[in-house]
Each structure stands twice: as structure tokens, then as C-alpha cells.
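Asks: no sequence on this one, just coordinates:
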């Protein structure tokens, strides 16, 4: 394998909570070389990573950024603005975060973002290539639903972004993680992947997912709000 190909199979994950370690396990199984960071030094999470994501390596966040060109951001949403704005310069940044007021507090910009919270993430990290993905299934459903490529009954996983090559890399990752990839459109289309959106919290085939996204069905009704709330809580992690 060439050095370029090897670098292309490197995945960084910022956030060593339940979602971050679930992504790490799936990525290792999918053939990626995975580095993961938490809040603080690598030593703080070495045992967690060894037990929950064997095959991944624990690094500091700066080391993760140097290691990989494709990085998943899987921390509580209220914390991403604690990271310096040039941290992910030139990197493909998968925004796997969800805003929920019970977890992140009442935040006007997050709660009312008309074009989706990923647009705010892109604004904070202007030199990153942000793609919204990996956020619309809870980590438990994510873990239990993974299937090899070509297996009947595979669940779809969507990705939305403005950079076509970045979206393509994330769709390749989605396939390796065990899901049928679905291009959801530009970054603003990521609004449909958020809590309250038409696909959040439910497992759909790639065809069903594409249909739901193209029809832009109404957001969550009052009857399904408790389900969305439970899934959002399950996606919270203490990276």
C-alpha cells in the first residue's frame, strides 16, 4: 500500500465517549487506522480505548489532527467552541454532534439555526471541510445495525456537505462502518439529519432514506418527540 493510500485509511476521532468509541470500533473493523482523543491528555483515556476500542490508539487532540486527514467530531455540541478555530485547517471534519437543550443548555444560535447547526460548525472552523454525518442514529442502534457491504437489509447513513470530495470520503467511511451511504446534498441539507428531522433516530434503507430526504417530510410531531429526545440523550457523550 502506498503512503498516500495508507494516509487515506487513517481516521481521527475527537471525543472518547460512547459514540466516539462506537465509531472507533466500527472503523477498526472496517480497516481504518484509528486515533482517538478525549478532553485532556492521551494517558487519561488509554485504558478506555484499550478496553472499548481495541486496535485504536489514544492520542491528544492535536496529535489526532496531525495523524489523520479525516476526523470525526463527536463531543457535546456546547464544547466545540472551546476548540481553536484553525485546529482542523484543511481537514475533512465529520460533524457527528447534535444539539439538545437538556444536554447543551439553552443556546439561541443552536436552537434556532435555520440552516442547521453544521453551518455554525463550519463558520467556527472556516478552514475545515465540514460534512454532517454519523449523527442520526444513537450509538446503540449504530452498533447493532452494522452489516458488511452488499448484505441485504443494510441501513442507510446520510452525509451532507458543500465539498464534493469531502462528502465522497465520508460516504466511503460510512460504507466501511457498515451502512449504505446516501448523499444528502449540501451542508444546509444536514438540517434534515438533526433531532426533529425526518430521519433522526430511525433506521431506513438507503432508498427509503433518499426518498425521505428528497421529499423533505415534516419534522417531528409532538407524538414522536419523546423518541427524538431519548435518541438525542443517547448520542450525548463526554468526549
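Replies: Done, it's in. Remember, it's a predicted structure, so these values are computed and weren't measured experimentally.
Asks: Need the per-residue pLDDT for the residue nearest to residue 87 when sequence neighbours are not counted.
Replies: Distances taken as Cβ to Cβ, 6 or more residues apart in numbering place residue 65 nearest to residue 87, at 6.1 Å, with adjacent residues excluded. All C-beta spots, glycine's among them, are computed from the backbone N, C-alpha and C. Residue 65 carries a pLDDT value of 98.
Asks: which residues touch residue 65?
Replies: Residue 65 makes contact with 12, 71, 87, 88, 91, according to Cβ atoms under 8 Å, 6 or more residues apart in numbering.
Asks: distance of it from residue 113?
Replies: 25 Å (Cβ to Cβ, to the nearest Å).
Asks: circling back to that earlier point, over to the residue nearest to residue 87: give its phi and psi.
Replies: With angles defined as degrees, to the nearest 10, residue 65 sits at phi -60, psi -40.
Asks: circling back: which two in the contacts of residue 65 are spaced the farthest apart?
Replies: 12 and 87 (11.1 Å; Cβ to Cβ).
Asks: What about the residue lying closest to residue 191 once chain neighbours are set aside, how many residues nearby?
Replies: Spatially, and ignoring its direct neighbours in sequence, residue 191 is nearest to residue 116 (3.5 Å; Cβ to Cβ, 6+ apart). By the criterion of other Cβ atoms under 10 Å, residue 116 has 22 neighbours.
Asks: What number of residues are in the vicinity of residue 188?
Replies: Neighbour count for residue 188, taken as other Cβ under 10 Å: 16.
Asks: That one looks like it's in a helix, true?
Replies: Yes. Assessed with DSSP: H, G, I helix; E, B strand; the rest coil, residue 188 lies in a helix.
Asks: how far away is it from residue 107?
Replies: 19 Å.
Asks: Could you do residue 45 as well?
Replies: Counting by Cβ to Cβ, the gap from residue 45 to residue 107 is 27 Å.
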